[in-house]
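In: Requesting a structural model of the entry that follows:
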Amino acid sequence: METCLYLIATPIGNLEDITLRAIETLKMVDLIACEDIRISKKLLANFGIKKKIISIHQHNEKDKTEFLINEMTNGKSVAYISDAGTPAVSDPGAFLVNQVLKLGLNVSPIPGPSSLVAAFSVSGIESTQFQFYGFLPNGSSKAKKLLKKIYNQPLPTIIFESPHRILKTLSFLRDIFGPNHEIFVARELTKIYETIYKDNVLSIIDRLESYPKEQKGEFVIILTSPVKKVEENDVLPINEALKLLLEELPLNQSVKLISSIFKKNKKEVYNQALELKND
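Out: As a prediction, this is how the structure comes out:
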């Protein structure tokens, strides 16, 4: 097998989701690097794969990268797998890949299951685009700051969340997006206890608080931008604009400008202007 670093996507839950190409590649490489040896050994054993395996994670990635590059420069082929899903996507691996590329060595993706794509496909959100932020930052203030940024963005946004933070994150969403804002939450995708929720934030919080067992597992949350409603008939912004113009311009000129800007009937705007002047 040619010298190459293969980034292999592994099942996110159901082991049957692994691809035939992934199995074949794992059988043929000289060495398998993984995030957690205990988890990966179960996967490999399920498919009868016995290979030399080493652990590479966020705490030892730089040291192990040097070792793996030495193996590759000696003609070895290496597979890298994370605990679940695609390596280097919200998982370690990017540093390793970058160093391999810098040396002009081959890198090849072996695609497979993806929780964010799987979740988006069953969300019912009608959009051809979305943005992905992975896990929220540690610390409440940083997490809230990012959610406030997401609140003001037009694209659907996908984030991951862990079981011990899910209720806290949902409470942030309630405060920032509002209790009635509809969100999509997928829990334990492809696993036995797979659960999908599409409801307002408050209802989902109530559900998880009522059934503590449903707080367990990995979560994918999809947020859509709130519909920022303007007051009925645009009365508030028109009134504010009229007030400003009436302070500087004659009534008729103010009405003409406001009617043109807000595309409103001149007579209606004129009556609003008279009410403001009489107040």
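
In: Can you give me the buried ones in stretch 152-163?
Out: Buried residues in stretch 152-163, counted by 16 or more other CB atoms under 10 Å: 156-161. Glycine gets a C-beta too; all of them are placed from N, C-alpha and C.

In: okay, now the domains of this structure?
Out: Using automatic domain parsing, the domain ranges for the chain come out as 5-113, 116-223, 232-278.

In: Let me have those in CSV, extended by mean pLDDT.
Out: Listed next are those as CSV, based on pLDDT from 0 to 100:
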stretch, mean pLDDT
domain 5-113, 95
domain 116-223, 96
domain 232-278, 80
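
In: how many neighbours does residue 272 have?
Out: Using other CB atoms under 10 Å, residue 272 is surrounded by 18 other residues.

In: now what about whichever strand or helix holds residue 244, what contacts it?
Out: In this structure, residue 244 sits in helix 235-246 according to DSSP states H and E. Outside helix 235-246, the residues that touch it by CB atoms under 8 Å, 6 or more residues apart in numbering are 230-231, 253-254, 257-258, 261-262, 264, 269, 272-273, 276-277.

In: at 10 Å what do you get?
Out: 230-231, 234, 251, 253-259, 261-262, 264, 268-269, 272-273, 275-277, 279 (CB atoms under 10 Å, 6 or more residues apart in numbering).

In: now swap in stretch 144-152 and tell me
Out: Residues from elsewhere that reach stretch 144-152, judged by CB under 10 Å, 6+ apart: 131, 133, 136-137, 139, 156-157, 159, 169, 172-173, 175-178, 181, 223, 225-226, 228.

In: Name the nearest of the buried residues of stretch 152-163 relative to residue 65.
Out: residue 160 (24.6 Å; CB to CB).

In: Done for today, thanks.
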